[in-house]
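Undergrad: With the sequence up front, the predicted model follows.
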Amino acid sequence: MIQRRHLLVCGTFLLSLLLYVDRTCISTAKDAITDELGLSNQQWAWVLAAFAFGYALFQTPGGALADRLGGRVVLTAVVTLWSIFTGLTAVAFNFLSLLVTRFLFGAGEAGAFPGMARVVYSWIPIKERGLVKGINFSGSRVGAALAMPAIASLIAAAGWKGTFVILMGVGFLWSAIWWCWFRDEPADHSGVSKAELDHILATRQAPSVRDTTPVVTPRAAVLFGSRNLWLMMVQYFGSNFTFFFSLSWLYPYVKGKYDLTAVDAGFYAMVPLLGGALGNVVSGGLVDWLYRGGRVHLSRKLPAIIGFTLAAVGMVMSIDQATAFGAVAWLTVAIFGADMTLSPSWSFCIDIGDRNAGAVSGTMNMAGNLGSAITALAFAYLPESSRGNVAFFYTASALSIIGIVCWLLADGSRKLGEARA
């Protein structure tokens, strides 16, 4: 018999996949949109950044809502909302309208991963969380990877506007299925067996599902007074700075630098994203393996430190490659490494946040997506040399080194709001 929590993981995997298909679609459609609307490279950078700013600013509110209202309401609402703005992208008629639409699209997506973090807290035993978070994030990378060549073909067949409308309909379908199937507590789901329910309640390190104590959203002073949370925010900024390149500028970068066709560029651009998917699963498995072996704090630190090391090396080594194959190979190492940091980061936030896991992880993700916004602008505005965008790649590498330092200083034994001994 299939365990209901495993079906839940399938549902969140598909949500993550859809989220990144919708997010990546605009990068693949860059040439069609900029030609029709007459946008410059700098204006396009602001369109990409507008999404990231909207996504970042609504992370903490989205996570707090998930803590209070539960993943059923919040995830249904956010997918419906972002799907609406996906469709409205098709009616953008100039730079300003596209900028506003993409900002609101980002705001609509903001509650997705914090909402999933709260779902994981309620449904997934702590010893399984690392792999579950890795699987969830691998869905986003698979979605983005598939989007590169698939969306290029769909745009050729249906036009860029038709493509966004189709994706809106897919989002509506996921929302309807989730609302009908999911329940915030496993005890309220008719398909959960007594054996599975007992296992979840005994191993999730959460209050009893019958505990009626209301969730109280932590004050800003508590959130931002946490040294651990600041360390997570800084390292996640660096992680997203590297990863967001693969969603925003990688496709046009390899297409232009190595003179590739649209479809060939799509296939090259999907490889680092598949590397990221693998990095998430490998890291998630390593997190759980170390945790089961009793090395609780190392289970968070070691995968992240390995990941940032690979990201730092991969970004620098990609700079002077003579072929698209060489550049993409090293960028795949970098994205694999950057994505190794995700499962430990979110697991760490669930550890220290407990019932405020949504707010804590949302705040970390807010900082990370400010990194995404800076990536979109930095690649367009950092000075270029005869070797290309060298400053951007060295900046990404330096941020990864800072991420390693953050993990060396982090202390997962100290919960949110606890004073240092």
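TA: Cool, got the structure.
Undergrad: ok, and the closest non-adjacent residue to residue 153?
TA: In space, and not counting its chain neighbours, residue 153 is closest to residue 263: 7.2 Å by CB to CB, 6 or more residues apart in numbering. Heads up, the C-betas are built off the backbone N, CA and C, glycines and all.
Undergrad: That neighbour - that's part of a helix, no?
TA: Yes - using DSSP: H, G, I helix; E, B strand; the rest coil, the assignment for residue 263 is a helix.
Undergrad: from now on call the first residue 182
TA: Taking 182 as the first residue, the last one we looked at is residue 444.
Undergrad: how much space between it and residue 336?
TA: Per CB to CB, to the nearest Å, residue 444 is found 11 Å from residue 336.
Undergrad: for residue 405, same thing?
TA: Per CB to CB, residue 405 is found 42 Å from residue 336.
Undergrad: Over to residue 552?
TA: Using CB to CB, residue 552 is found at 28 Å from residue 336.
Undergrad: what does residue 504 give?
TA: Going from residue 504 to residue 336 by CB to CB gives 27 Å.
Undergrad: ok, those two, which is more surrounded?
TA: The residue with more neighbours, out of residue 504 and residue 336, is residue 336; 21 against 9, by other CB atoms under 10 Å.
Undergrad: right, and the helix or strand after the helix or strand bottoming out on mean pLDDT in the chain?
TA: Across the helices and strands of the chain, mean confidence by mean pLDDT, DSSP states H and E is lowest for helix 401-405: a mean of 81. Later in the chain than helix 401-405, the nearest helix or strand by DSSP states H and E is helix 408-429.
Undergrad: quick one: buried residues of the following helix or strand past that next one?
TA: The helix or strand immediately downstream of helix 408-429 is helix 431-438, counting by DSSP H and E. Neighbour counts over helix 431-438 (16 or more other CB atoms under 10 Å) mark 431, 432, 433, 434, 435, 436 as buried.
Undergrad: Which member of these is positioned nearest residue 464?
TA: residue 431 (20.9 Å; CB to CB).
Undergrad: Give me the nearest residue to the closest one, chain neighbours excluded.
TA: residue 450 (5.0 Å).
Undergrad: pretty sure the one you found contacts residue 429?
TA: No - using CB atoms under 8 Å, residue 450 is not in contact with residue 429; the gap is 10.7 Å.
Undergrad: what's the distance between the host helix or strand of residue 344 and the middle of its chain?
TA: Of the helices and strands defined by DSSP H and E, residue 344 is found in helix 310-362. Distance, stretch centre to chain centre, for helix 310-362: 13 Å (CA atoms, centre = their mean, to the nearest Å).
Undergrad: Show me what the helix or strand just after that helix is packed against.
TA: Remark: after helix 310-362, the chain's next helix or strand is helix 375-384, criterion DSSP H and E. The contact analysis (3 or more CB pairs under 8 Å, 6 or more residues apart in numbering; DSSP states H and E) places helix 375-384 against helix 185-209.
Undergrad: Determine how far the helix it packs on lies from the middle of the whole chain.
TA: Worked out by CA atoms, centre = their mean, helix 185-209 lies 10 Å from the chain centre.
Undergrad: Pull out the buried residues from that helix.
TA: Neighbour-count burial for helix 185-209 flags 185-186, 189-190, 192-209 (criterion: 16+ other CB under 10 Å).
Undergrad: what's the answer for stretch 489-506, then?
TA: 489-500, 502, 505.
Undergrad: Looking at those residues, spot the one nearest residue 472.
TA: Residue 472 has its nearest neighbour among those in residue 489, at 19.8 Å by CB to CB.
Undergrad: how deep is residue 216 tucked in, by neighbour count?
TA: Residues lying near residue 216 (other CB under 10 Å) number 10.
Undergrad: after the helix or strand hosting it comes which helix or strand?
TA: If you go by DSSP H and E, residue 216 is part of helix 211-218. The helix or strand immediately downstream of helix 211-218 is helix 222-238, counting by DSSP H and E.
Undergrad: Give me the buried stretch members for the helix or strand that comes right after that next one, please.
TA: Downstream of helix 222-238, the next assigned helix or strand under DSSP H and E is helix 240-250. When neighbours are counted by 16+ other CB under 10 Å, the buried residues of helix 240-250 are found to be 240, 241, 242, 243, 244, 245, 246, 247, 248, 249, 250.
Undergrad: quick check: angle from helix 240-250 to helix 222-238?
TA: 30 degrees (axes from the mean of the first three to the mean of the last three CA atoms, to 10 degrees).
Undergrad: After helix 240-250, which helix or strand is next?
TA: Taking DSSP H and E as the definition, the helix or strand right after helix 240-250 is helix 252-269.
Undergrad: Quick check: which helices or strands does that following helix pack against?
TA: helix 185-209, helix 240-250, helix 276-290, helix 293-304, helix 310-362.
Undergrad: among those, which is nearest residue 376?
TA: In terms of CB to CB, the element of those nearest to residue 376 is helix 185-209, at 11.3 Å.
Undergrad: Report how many residues lie close to residue 383.
TA: 9.
Undergrad: nope, residue 507 is what I meant
TA: With neighbours defined by other CB under 10 Å, the count for residue 507 comes to 14.
Undergrad: Would you mind listing the residues in contact with it?
TA: Applying CB atoms under 8 Å, 6 or more residues apart in numbering to residue 507 gives the contacts residue 499.
Undergrad: Distance of it relative to residue 438?
TA: Per CB to CB, residue 507 is found 12 Å from residue 438.
Undergrad: Reformat the buried residues of helix 431-438 as JSON lines; add pLDDT and distance to residue 323.
TA: Below are the buried residues of helix 431-438 laid out as JSON lines (pLDDT from 0 to 100; distance: CB to CB, whole Å):
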{"residue": "431", "pLDDT": "91", "distance to residue 323": "16"}
{"residue": "432", "pLDDT": "87", "distance to residue 323": "16"}
{"residue": "433", "pLDDT": "86", "distance to residue 323": "21"}
{"residue": "434", "pLDDT": "91", "distance to residue 323": "21"}
{"residue": "435", "pLDDT": "92", "distance to residue 323": "19"}
{"residue": "436", "pLDDT": "90", "distance to residue 323": "21"}
